[in-house]
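**Student:** fold the following for me, if possible:
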Amino acid sequence: MQTLPPIAPIDLTSIIAVIMGISIVLIPVIGLTARFALKPVVEALAHASDRRERDETQRILEQRIALLESQMEGMEHLVARLEETSSFDAQLKEASRETLKGC
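**Tutor:** So this is what the prediction gives:
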């Protein structure tokens, strides 16, 4: 039978030193990679949000313009009725003057 070689004890200080050494290089690399990988995604989300806000603003403005147009139509109708009323009133006054002259 073969004898197994003796197992050396684990040197915890060496393992921590190696992990810290790797982390010094690995953490900035992960950060830069995440920044360049996530930047297009974040920009796309920001553009989509801006587009939604612009669409909402445009919808509100269209509603306001439609309301103003309906109010203008109502005012034009009222002005036309006022002109008709004024014309009718002038005709009545003229007719009453002619009636008074004839008497």
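**Student:** looking at the host helix or strand of Gly74 now, give me its mean pLDDT.
**Tutor:** Using DSSP states H and E, Gly74 sits within helix 12-102. Mean pLDDT, helix 12-102: 92.
**Student:** which elements pack onto that helix?
**Tutor:** Counting contacts by 3 or more C-beta pairs under 8 Å, 6 or more residues apart in numbering; DSSP states H and E, helix 12-102 is packed against no other helix or strand. For the C-beta atoms, the positions are set from N, CA and C on the backbone; glycine is no exception.
**Student:** how far does that helix sit from its chain's centre?
**Tutor:** 7 Å (C-alpha atoms, centre = their mean, to the nearest Å).
**Student:** if I look at Arg81, how far off is Ala95?
**Tutor:** Taking C-beta to C-beta, to the nearest Å as the measure, Arg81 falls 21 Å from Ala95.
**Student:** how about Phe36?
**Tutor:** 89 Å.
**Student:** what of Asp11?
**Tutor:** Per C-beta to C-beta, Asp11 is found 121 Å from Ala95.
**Student:** over to Ala80?
**Tutor:** Remark: distance between Ala80 and Ala95 (C-beta to C-beta) = 23 Å.
**Student:** what do you get for Ile10?
**Tutor:** 120 Å.
**Student:** likewise Arg52?
**Tutor:** In terms of C-beta to C-beta, Arg52 sits 65 Å off from Ala95.
**Student:** what does Met72 give?
**Tutor:** From Met72 over to Ala95 (counting by C-beta to C-beta), the distance is 35 Å.
**Student:** ditto for Gly31
**Tutor:** Taking C-beta to C-beta, one finds Gly31 at 93 Å from Ala95.
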